[in-house]
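Novice: Using only what follows, build the 3D model:
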Amino acid sequence: MTVPMEPAKLLLFATPSHDCSYLPGNAATTLFVDPEFPKDSGVYTLLSRNGFRRSGEHVYRPNCQDCSACVPVRLPVKMFSPRRSQRRALRDNRDLRVLPRQSEFCEEHFLLYSRYLGARHAHGGMDNPTRKQYREFLLSSWADTTLVEFRLAGHLLAVAVTDRLTDGLSAVYTFFDPDFSRRGIGTFSILWQIEEARQLGLQWLYLGYWIADSPKMLYKQEFRPQERFIDGRWHGVER
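Specialist: Numbers count the residues shown, from 1 in each chain. You can find the predicted model right below:
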């Protein structure tokens, strides 16, 4: 399969059918962008506009024959206003210090990531990661990535892996200290990225895939208004 890309054509490769990570009992197929194709923020933006996401060095999109549950979501940051629960997350985390860092391996980040997966994804295949797996999942040599730290009196509470596109930011992944989950730090990180995109004069925050039947994805529907990529077009979803 190819997608027109001037001056060349971008090749896409489909994986064999495998178990779905989000809907137990379902089979999944994933499209990956040719890893040899030179990627930059412009190419990445075009792919994001067509429902693709980054994982490490790779850009991918679900391509399941009998299922269309994975719906790409993006937020129009200039139109967004927080709900009551989101305003509470802002209040509860106003004592945090936000420190953007370059995209490079950090042992402190890795240890927090390991604790997060152990608490949130125990026995799900993601726990007990290696440093190599961490790098291959979150870091990239070509993307414009920032590792946004959230600290409380010096203690690292969370890291939001954020990519900059030409038209927005992409919320790649956020992990946090499970001992502080009541703060709503995941919600706060999205709110921070929304405001950061707005301050940078960008239009969108790309949130990745929303799956209606996946409890882990339900939080994404709380951010309205939003757009969902369905049948090759973005459709607005109001409050």
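Novice: And the most centrally placed residue in the chain, its phi and psi?
Specialist: Nearest residue to the geometric centre of the chain (C-alpha atoms, centre = their mean): Val172, 2.7 Å. Dihedral pair for Val172: phi -70, psi -50, per degrees, to the nearest 10.
Novice: May I have the predicted confidence score for the residue lying closest to Arg97 once chain neighbours are set aside?
Specialist: In space, Arg97 comes closest to Arg151 once its chain neighbours are excluded; the distance is 4.8 Å by C-beta to C-beta, 6 or more residues apart in numbering. Every C-beta, even on glycine, is put in place using the N, C-alpha and C of the backbone. If you check Arg151, the pLDDT there is 98.
Novice: Renumber starting at 43 from here on
Specialist: Got it, first residue is 43 now, which makes that one Arg193.
Novice: Now tell me what touches the strand or helix carrying Arg193 from outside.
Specialist: According to DSSP states H and E, Arg193 maps onto strand 187-194. The contact list for strand 187-194, computed with C-beta atoms under 8 Å, 6 or more residues apart in numbering, reads 135, 137-146, 148, 151, 181, 198-206, 214, 218, 222, 227, 230-231, 234-235.
Novice: Give me the subset of these that lies in strands.
Specialist: If you go by DSSP state E, these have 139-144, 198-206, 214, 218 in strands.
Novice: Quick check: closest non-adjacent residue to Leu89.
Specialist: Using C-beta to C-beta, 6+ apart, the nearest residue to Leu89 is Val101, at 5.4 Å.
Novice: Is the one you found within a helix or a strand, and which one?
Specialist: strand 100-104.
Novice: what does Ala161 give?
Specialist: Going by DSSP H and E, Ala161 is in helix 149-162.
Novice: wait, isn't Gly84 in contact with Thr208?
Specialist: Yes: between Gly84 and Thr208 a contact is recorded at 6.0 Å, counting by C-beta atoms under 8 Å.
Novice: Please verify my assumption that Ser212 contacts Ala239.
Specialist: No: Ser212 lies out of contact with Ala239 (C-beta under 8 Å); the separation is 9.8 Å.
Novice: anything in contact with each of those two?
Specialist: Shared contacts of Ser212 and Ala239, counting by C-beta under 8 Å, 6+ apart, come down to Leu247.
Novice: so where's the chain shaky on pLDDT?
Specialist: For the chain, applying pLDDT under 70 flags the ranges 43-50, 163-169, 281.
Novice: Domain-wise, how is it divided?
Specialist: 44-110, 115-279 (automatic domain parsing).
Novice: so how far is the shortest one off the chain centroid?
Specialist: What it means is domain 44-110. Taking C-alpha atoms, centre = their mean, to the nearest Å, one finds domain 44-110 lying 14 Å from the centre of the chain it belongs to.
Novice: Helices of the chain, start to end?
Specialist: Using DSSP state H, the helices found in the chain span residues 83-91, 126-134, 149-162, 173-180, 227-241.
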